[in-house]
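[1] only the shape, not the letters, is given here:
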């Protein structure tokens, strides 16, 4: 899953898993701030707890209904079509508040972690013996916001939609990777409607998904907005639906200005008795999505009467972190994020030049310029898989390199070996972000010292993602961040490093344009192994890719440090996505 905004663009970015901090808030004590620094060193250890028997309704002791929650952020919402929502913020807002799917996560306050529980399904799904079929049973009494009943056929249509890489180029591609017809069916818009779509069978209230390859992680894919119900018809046309997806959750869209603001109001058709995880205490949510980072921190620091029911999912600036902790208004935790630089594998073909970039990158200076908090929102790393991920190997792909350190002399030596001193490096930066400019300046200084010729390419926060996603953009390095979609290497390597058809304009999350048929074959083989053997196999593949090919390098592992006003309760960290636990939030007035 992609981060909510460009790595290089902002002061602080949030992402995806481990433990949130319990502790005393300034209200009734159900907030997540305290003065103890959490363990952020095991970010990949998340999402494995399951409770297939969880039932609704959910109540929170002492919680009160009413009030408006204001959410402020520096970053807009890339797309709110459930099929394409694959950024951290869009995914979290939709699945937490607006749309429902087969499964979902619930926050376990006692253990400070997330638990996979049913949502629209009666359980967590039922696989056959070899995980090539999964069956989910739809609950009774589920309706959309307009009162129309949700039907099993709506899940077949949403699955068909999830195949369409042309209509939804930035959406998750797991249906293409695993479902029957994933390599041939083009989707209802790019292809010939539903003709040729054979991946779903319906029997009464049962919906069965058929796989081309074993998919033991289907119960996690089933929690994504893309796997929720969508009605076939003109109203679900992508150009319309991204502006107003039909709600099945406790809130529905009010006013929405893409990239700028969003209002969510109560959905009277949502039945809490059918929902094992969500609550809906606030009357509405108002999102202001173009707040400057300095102003954002100032609003929350002042905590004035009008802003006490305000929160942010952006990380707080390092300079303000201690004050928020002292006030008991900081939600802190970690999650499975790896941030990286991805040299273009089709342009920077010499591994020595790619390795030289890793030696030359100004890890500490970039963190300082970006406002990251050492040990909380930034941890050094070398492997693609973050610490705590099952099967992860401890290795270092660069000789004599301490992760998180800069060695411009070693970089220069590699450039000399490659006869590439003065090599031009073109990367995007956001000219409308103070911290984005500062990070760019730190990178330029370090790369120049190492013997590169850096050529930063200016863009805006609003345009960064689309330019990065375009394989024809005139750059040769892309920055990115990836959040594990579930606790398996299968949510890392196929999305990030499986070959894509760059000539056809398909980049997806393969920002390095990595294309190695041998690695594709190894990924496919791992997916057919017995479940108990897959974790170690993904760890071995991590070692092989990073040591022998080095298509990208880690700039940091992530954590989160989010602030909230004194009237906000239940702002814990969703340790599967590094966002607030929307399902727990209420206003203490």
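    On my side now, so go ahead. What you see is a predicted model; the values in this text were computed from it and never measured. Residues are numbered from 1 along each chain as shown.
[2] so what sits opposite residue 134 in the bridge?
    Beta-bridge pairing of residue 134, defined through DSSP bridges, involves residue 127, residue 209.
[3] what is the burial count for it?
    When counting by other Cβ atoms under 10 Å, one arrives at 22 neighbours for residue 134. The way it works is simple: take the backbone N, C-alpha and C, and place the C-beta from them, glycine included.
[4] residue 309 - nearest residue in space that isn't next to it in sequence?
    residue 567 (4.4 Å; Cβ to Cβ, 6 or more residues apart in numbering).
[5] phi first, then psi, for that neighbour.
    For residue 567, the backbone dihedrals (degrees, to the nearest 10) come out as phi -90, psi 0.
[6] so it sits against residue 329, correct?
    No. With contact defined as Cβ atoms under 8 Å, residue 567 does not count as touching residue 329 (10.4 Å).
[7] please identify which of those two sits among more neighbours.
    Neighbour count, other Cβ under 10 Å: between residue 567 and residue 329, residue 329 has more, with 27 against 21.
[8] just confirm that one contacts residue 566, I think it does.
    Yes. Shown here, residue 329 and residue 566 form a contact pair, counting by Cβ under 8 Å, at 6.5 Å.
[9] may I see the buried residues of the worst-scoring helix or strand of the chain on mean pLDDT?
    The element with the least model confidence among the helices and strands of the chain, by mean pLDDT, DSSP states H and E, is helix 461-469, at a mean of 88. When burial is assessed from 16 or more other Cβ atoms under 10 Å, helix 461-469 yields the following buried residues: 461, 462, 464, 465, 467, 468, 469.
[10] and the residues you listed as a markdown table, adding distance to residue 437?
    Written out in a markdown table, the entries for these read as follows (distance: Cβ to Cβ, whole Å):
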| residue | distance to residue 437 |
| --- | --- |
| 461 | 12 |
| 462 | 16 |
| 464 | 13 |
| 465 | 18 |
| 467 | 17 |
| 468 | 17 |
| 469 | 22 |
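[11] what's the closest of these to residue 92?
    The closest of the buried residues of helix 461-469 to residue 92 turns out to be residue 465 (Cβ to Cβ; 16.5 Å).
[12] specify the beta-bridge partners of residue 337.
    Assigned bridge partners for residue 337, using DSSP bridges, are residue 483.
[13] got a pLDDT number for it?
    Looking at residue 337, its pLDDT reads 92.
[14] and what of residue 387?
    So residue 387 comes in at 89 (pLDDT).
[15] shaky segments in this structure?
    For the chain, residues meeting the criterion pLDDT under 70 lie at 2-41.
[16] residue contacts, the nearest residue to residue 138 once chain neighbours are set aside?
    What sits nearest to residue 138 in space, not counting adjacent residues and going by Cβ to Cβ, 6+ apart, is residue 205, at 4.6 Å. Remark: with contacts taken as Cβ atoms under 8 Å, 6 or more residues apart in numbering, residue 205 is in contact with 137, 138, 140, 152.
[17] isn't the second one right up against residue 203?
    No. Under the contact definition of Cβ under 8 Å, residue 138 does not touch residue 203, with a separation of 11.2 Å.
[18] any chance you could map the helices in the stretch 51-200 of the chain?
    Ranges of helices within the stretch 51-200 of the chain are 88-93, 152-161, 174-178, based on DSSP state H, counting those that start in this stretch.
[19] mind checking how far residue 337 is from residue 377?
    As defined by Cβ to Cβ, to the nearest Å, residue 337 lies at a distance of 9 Å from residue 377.
[20] and what of residue 451?
    As defined by Cβ to Cβ, residue 451 lies at a distance of 31 Å from residue 377.
[21] quick one: which of the two has more around it?
    Set side by side, residue 451 and residue 377 show more neighbours around residue 377, with 31 against 20, by other Cβ under 10 Å.
[22] quick one: residue 559 is in a strand?
    Yes. Using DSSP: H, G, I helix; E, B strand; the rest coil, the assignment for residue 559 is a strand.
[23] that one bridge partners, please.
    Beta bridges link residue 559 to residue 334, judged by DSSP bridges.
[24] residue contacts, it?
    With contacts defined as Cβ under 8 Å, 6+ apart, residue 559 is in contact with 18, 38, 40, 43, 332-335, 337, 373, 376-379, 578.
[25] give me phi/psi at residue 426?
    phi -110, psi 120.
[26] hang on, I meant residue 496
    Comment: the main-chain dihedrals of residue 496 come out as phi -90, psi -30, following degrees, to the nearest 10.
[27] ok, it - contacts?
    Applying Cβ under 8 Å, 6+ apart, we find residue 496 in contact with 384, 482, 509, 510, 511, 512, 514, 552.
[28] kindly reformat those as CSV containing neighbour count, secondary structure and distance to residue 416.
    Written out in CSV, the entries for the contacts of residue 496 read as follows (neighbours: other Cβ atoms under 10 Å; DSSP: H, G, I helix; E, B strand; the rest coil; distance: Cβ to Cβ, whole Å):
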residue, neighbour count, secondary structure, distance to residue 416
384, 26, coil, 28
482, 25, strand, 32
509, 21, coil, 33
510, 24, coil, 30
511, 26, coil, 28
512, 26, coil, 24
514, 22, coil, 26
552, 29, coil, 23
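[29] of the residues you listed, which is the nearest to residue 194?
    Among the contacts of residue 496, residue 509 lies closest to residue 194 (Cβ to Cβ), at 26.9 Å.
[30] surely that closest one meets residue 495?
    Yes. Under the contact definition of Cβ under 8 Å, residue 509 touches residue 495, with a separation of 4.8 Å.
[31] what do these two both touch?
    Both residue 509 and residue 495 are in contact with residue 482, where contact means Cβ under 8 Å, 6+ apart.
[32] farthest-apart pair in the buried residues of helix 461-469, please.
    Within those (distances taken as Cβ to Cβ), the two that end up farthest apart are 461 and 469, at 14.6 Å.
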